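[1] Fold the following and give me the result.
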Amino acid sequence: MFRYVTYRTLKAIPTLLALAVITFFMMRLAPGGPFDKERKVTAEVAANLARAREALALLGLHAPFIQFTYGLTSPIARERLGLKGRIAARIWANLPPASVWRYERRRERRAGAR
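    Numbers count the residues shown, from 1 in each chain. Purely as a prediction, here's the structure:
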């Protein structure tokens, strides 16, 4: 029985490898890309980003921006706003559980600084 399982397992390895190679080349040959039909930023999203930039401008240089959310990911477009963020706390007593995000402005690197 052990010999049979070993034989079948060893026979499956080249089959899986061939399947992975065929899948890779089929994806490479497919026309278009993953972002070809990416939607442009709507007026509503642009207005929300502008409001977020205005709110961050009112904060001090090292003042944090705190956001409470039920989502699993960051509710703010950190890259577009030049922020770094992390989950400061999780509230497990809520249903659904919530997260508290803490955002800060990214520090600008000075020329010559490492």
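[2] Confirm R102 sits in a strand?
    Yes: secondary structure of R102 (DSSP: H, G, I helix; E, B strand; the rest coil): part of a strand.
[3] Isn't it up against K84?
    No: applying C-beta atoms under 8 Å as the test, R102 and K84 come out as separate, 9.4 Å apart. Yep, even glycine has a C-beta here, placed from its N, CA and C like the rest.
[4] Not counting sequence-adjacent ones, nearest residue to P96?
    Closest residue to P96 apart from its sequence neighbours, by C-beta to C-beta, 6 or more residues apart in numbering: Y70 at 5.5 Å.
[5] again with P75
    T69 (4.5 Å).
[6] Tell me which residues touch that neighbour, please.
    The neighbours of T69, taking C-beta atoms under 8 Å, 6 or more residues apart in numbering as the test, are 75, 98-99, 101.
[7] Which pair of those spans the longest distance?
    For those, the maximum inter-member distance is 11.2 Å, found between P75 and A98 (C-beta to C-beta).
[8] From the contacts of T69, which land in strands?
    The strands, defined by DSSP state E, take in 98-99, 101 from these.
[9] now the helices for this structure?
    2-29, 43-58, 78-81 (DSSP state H).
[10] With mean pLDDT and mean neighbour count as added columns, please give these in JSON lines.
    JSON lines is the format used below for those (pLDDT from 0 to 100; neighbours: other C-beta atoms under 10 Å):
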{"stretch": "helix 2-29", "mean pLDDT": "94", "mean neighbour count": "9"}
{"stretch": "helix 43-58", "mean pLDDT": "85", "mean neighbour count": "11"}
{"stretch": "helix 78-81", "mean pLDDT": "80", "mean neighbour count": "14"}
